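Chemist: coordinates only, sequence not included:
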């Protein structure tokens with residue numbers, strides 16, 4: 001049985017503006033790297049997710065794995081120290097390195113689910129597009145029906161949505177997500193250049209809501225009061241079209257080819 005208390009944070013939910021500005025600085029410094037194939041380094045969305053998921057899991061002392069598509073020239077062990085190791089340098093647990101896994105052409109969500117089922121204390125964080133979610137090759141593997149809150153870890157999924165999508169598209173996607181066992185939280189990051197602090201605050205609060213929901217699901221499972229399969233939280237990130245993870249991955253491969 002999982003110790004539910006490990007999924008609960010007791011400190012303030014809202015980071016200070018100074019801390020949020022530090023996250024913004026770390027995120028922008030990560031993106032200075034112009035070459036390479038690692039999505040966690042050159043994709044704005046992946047780097048943003050990494051920074052905020054690291055903050056949320058660090059507060060709860062959770063083991064975290066970042067699962068992304070594509071390849072990384074540095075392998076899975078060369079991603080450096082975590083954002084919180086930089087922003088909280090005197091923390092008793094620092095420094096900690098980023099644990100990342102790259103899935104090539106395989107579905108990052110499916111691989112994150114496999115990892116979560118193997119480790120009851122793992123938060124497997126992943127980013128993907130609707131195109132990847134609905135792929136006929138992996139759609140069945142994206143169901144949460146076999147993910148058990150009382151004995152497995154969790155997947156913390158982030159789905160990219162273009163800033164120009166219609167309301168009808170959003171409703172249709174929500175129906176699709178619920179059919180696979182997810183309930184979505186939506187955060188809009190399109191104003192990150194005009195209001196970086198406010199955007200980071202909104203994302204930080206969504207992460208608190210997500211982990212509060214996870215903690216409640218696990219508590220209900222431990223108390224044997226779940227009456228049906230749970231709906232696991234998923235974050236829809238509405239972002240600029242240029243942040244499309246598949247497009248940025250292609251751009252990264254193009255830069256590497258040109259440099260060679």
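Modeler: Received, thanks. Because the structure is predicted, anything quoted here is derived from the model rather than measured. Numbers count the residues shown, from 1 in each chain.
Chemist: quick one: low-confidence parts of the stretch 101-250 of the chain?
Modeler: 248-250 (pLDDT under 70).
Chemist: quick one: the strands in it, in order.
Modeler: 122-129, 154-162, 182-188, 232-239 (DSSP state E, counting those that start in this stretch).
Chemist: nearest to residue 194 among the ones you listed would be which one?
Modeler: strand 182-188 (12.0 Å; CB to CB). In this view, the C-beta of every residue, glycine as well, is placed from N, C-alpha and C.
Chemist: ok so, going back, now tabulate the strands of the stretch 101-250 of the chain in TSV and tack on mean neighbour count and distance to residue 29.
Modeler: Listed next are the strands of the stretch 101-250 of the chain as TSV, based on neighbours: other CB atoms under 10 Å; distance: least, CB to CB, whole Å:
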stretch	mean neighbour count	distance to residue 29
strand 122-129	25	19
strand 154-162	25	21
strand 182-188	17	22
strand 232-239	22	19
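Chemist: mind putting the ones you listed in TSV, distance to residue 18 included?
Modeler: Shown next, in TSV, are the strands of the stretch 101-250 of the chain (distance: least, CB to CB, whole Å):
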stretch	distance to residue 18
strand 122-129	25
strand 154-162	25
strand 182-188	21
strand 232-239	24
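Chemist: and residue 99, which of those strands is closest to it?
Modeler: Using CB to CB, these put strand 122-129 closest to residue 99, at 9.4 Å.
Chemist: strand partners (parallel or antiparallel) of the closest one?
Modeler: strand 63-68 (parallel), strand 154-162 (parallel) (DSSP bridges).
Chemist: quick one: work out the angle between it and strand 232-239.
Modeler: 40 degrees (axes from the mean of the first three to the mean of the last three CA atoms, to 10 degrees).
Chemist: what does strand 122-129 contact?
Modeler: Strand 122-129 has contacts (CB atoms under 8 Å, 6 or more residues apart in numbering) with 39, 43, 45-46, 49-50, 53, 57, 62-69, 107-109, 111-113, 115-116, 153-160, 244-246.
Chemist: now tabulate the strands paired with strand 122-129 in TSV and tack on distance to residue 24.
Modeler: Output for the strands paired with strand 122-129, formatted as TSV (distance: least, CB to CB, whole Å):
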stretch	distance to residue 24
strand 63-68	19
strand 154-162	18
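Chemist: out of those, nearest to residue 140?
Modeler: That would be strand 154-162 among these, by CB to CB, at 15.6 Å.
Chemist: now the buried members of the contacts of strand 122-129.
Modeler: Among those, the ones that count as buried by 16 or more other CB atoms under 10 Å are 39, 43, 45-46, 49-50, 53, 57, 62, 64-69, 107-109, 111-113, 115-116, 153-160, 244-246.
Chemist: on that earlier part again, so for residue 28, which of the strands of the stretch 101-250 of the chain sits nearest?
Modeler: strand 232-239 (15.4 Å).
Chemist: which strands or helices does that closest one pack on?
Modeler: helix 44-60, strand 154-162, helix 167-179, strand 182-188, helix 196-222 (3 or more CB pairs under 8 Å, 6 or more residues apart in numbering; DSSP states H and E).
Chemist: make it 10 Å
Modeler: helix 44-60, strand 122-129, strand 154-162, helix 167-179, strand 182-188, helix 196-222 (3 or more CB pairs under 10 Å, 6 or more residues apart in numbering; DSSP states H and E).
Chemist: quick one: closest of those to residue 84.
Modeler: helix 44-60 (4.3 Å).
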